[in-house]
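Trainee: Quick one, fold the following:
(one chain, ligands or ions: 1)
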Amino acid sequence: MLASLSSILGAARKGRYAVGAFNCLSLEQARGAVAAAEKLRSPIILQVAEVQFPCAPMELMAPVFLRLAHDASVPVCVHLDHGQSVDTCFRAIKLGFNSVMFDGAALPFEENVRCTAQVVTAAKDRGVDVEAELGRVGDAGTVDEGRQNVDIFTDPAQAEEFIDATGADALAIAIGNLHGKYIATPKLNIERLREIAARIDTPLVLHGGSGTSVEDFKACVHNGICKINVATALQLAAADAVQKYCAGSPSYIGIKESVEAATVEAVSWHMDLFESVGKA
Ligand code: 13P
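Mentor: Okay, here's the model as predicted:
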């Protein structure tokens, strides 16, 4: 069933578990992700990010995600990940996404507040929830990796001010997490997470989930992170499965099936770690 981000994350916050938000770029990945959620009786968030539109345009992914959500026996939220402009968020809302992220993290604080609030106002009118971001989640494999650079981490007092000013439903934070494939396993700043969680009731979001250590995942889940984004791990699992499958005598249908099966496996692994199994 289609379910709102705030209902899914509200239950997660109360139950002290996190719900996986999986970037799905194909029919096979989306079907595999929902199959895993149904098998494990877990809520799930299906998402696609604006940078992924060249291979997975939101106009094409929206109907796929929405149909899967409506037909599913578990709560499914259909979310725009990293909307880079207010206009992209508005277009996603028109397409039926029931949750959108406006990513104003690179903007000056006041500008991030102004644009996020604009998206929140439009979204609320249509019963859509909004995720925002404060602090900088950089990219793995760049100079950001390995730096315990608290300057780019989310500031707890600013987080409180930001939520008061925007009314966002979920907040993505920076605590040493990075997008993409890490060279070395990161060490997240769980103390900073605790400080942020102590100041705001809003569910917190961890981006850059792929490659996080089991220990840090658990610490996040138990200290206020309610949504964990996973993209790279699903792409690596799919590529690896296709490579192995193609070592035999492959068929195109077989390739599609191997991607779906690899997605079921990768999503299930994360759901178990996030403790959302049996929560649907
Ligand atoms: P990863 O690719 O590192 O899993 O990050 C996913 C993400 O945060 C999408 O917003």
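Trainee: contacts for the strand ranked longest in the chain?
Mentor: Ranked by residue count under DSSP state E, the longest strand found in the chain is strand 76-83. Strand 76-83 is contacted from outside by 1-5, 8, 21, 23, 34, 37, 43-52, 58, 62, 65-66, 68-69, 88-89, 92, 96-103, 119, 131, 229, using Cβ atoms under 8 Å, 6 or more residues apart in numbering. C-beta here means a position set from N, CA and C on the backbone, and glycine is covered the same way.
Trainee: Close to the ligand: what parts of the protein are there?
Mentor: Counting by Cβ under 6 Å from any ligand atom, the chain comes close to the ligand at 23, 49, 81-82, 179-180, 207-210, 229-233.
Trainee: Just the ones of the residues you listed in helices?
Mentor: Per DSSP state H, helices hold the following members of the residues of the chain next to the ligand: Thr232, Ala233.
Trainee: which of the residues of the chain next to the ligand sit farthest apart?
Mentor: Across the residues of the chain next to the ligand, the longest distance by Cβ to Cβ is 17.1 Å; it joins His82 and Ala233.
Trainee: and those two? which has more neighbours close in?
Mentor: Neighbours were counted for His82 and for Ala233 using other Cβ atoms under 10 Å; His82 has more, 24 against 19.
Trainee: residue boundaries of the strands in the stretch 1-150 of the chain?
Mentor: 19-23, 44-49, 76-83, 99-102, 129-134 (DSSP state E, counting those that start in this stretch).
Trainee: could the ones you listed go into JSON lines alongside mean pLDDT?
Mentor: Output for the strands of the stretch 1-150 of the chain, formatted as JSON lines (pLDDT from 0 to 100):
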{"stretch": "strand 19-23", "mean pLDDT": "98"}
{"stretch": "strand 44-49", "mean pLDDT": "98"}
{"stretch": "strand 76-83", "mean pLDDT": "98"}
{"stretch": "strand 99-102", "mean pLDDT": "98"}
{"stretch": "strand 129-134", "mean pLDDT": "98"}
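Trainee: Contacts only, for the residue nearest to Gly15 when sequence neighbours are not counted.
Mentor: Spatial nearest neighbour of Gly15, excluding adjacent residues (Cβ to Cβ, 6 or more residues apart in numbering): Lys279 at 6.3 Å. Counting by Cβ under 8 Å, 6+ apart, Lys279 touches Ala11, Ala12, Gly15, Tyr17, Arg41, Ser42, Pro43.
Trainee: Might one say that Tyr182 is in contact with Gly211?
Mentor: Yes. Counting by Cβ atoms under 8 Å, Tyr182 touches Gly211, with 4.2 Å between them.
Trainee: neighbours of the residue of the stretch 1-150 of the chain found nearest the ligand, just the number please.
Mentor: Relative to the ligand, the nearest point of the stretch 1-150 of the chain is Asp81 (4.6 Å; Cβ to the nearest ligand atom). Asp81 has 27 neighbouring residues, counting by other Cβ under 10 Å.
Trainee: and if you look at Asp87?
Mentor: 10.
Trainee: do the one 10 residues further on as well
Mentor: For Phe97, the number of neighbouring residues by other Cβ under 10 Å comes to 28.
Trainee: residue contacts, it?
Mentor: Met58, Ala62, Phe65, Val78, His79, Leu80, Val128.
Trainee: got it, and Ala123?
Mentor: Ala123 touches Cys89, Ile93, Val100, Asp129, Val130, counting by Cβ under 8 Å, 6+ apart.
Trainee: Reformat these as JSON lines; add neighbour count.
Mentor: Below are these laid out as JSON lines (neighbours: other Cβ atoms under 10 Å):
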{"residue": "Cys89", "neighbour count": "27"}
{"residue": "Ile93", "neighbour count": "22"}
{"residue": "Val100", "neighbour count": "28"}
{"residue": "Asp129", "neighbour count": "23"}
{"residue": "Val130", "neighbour count": "27"}
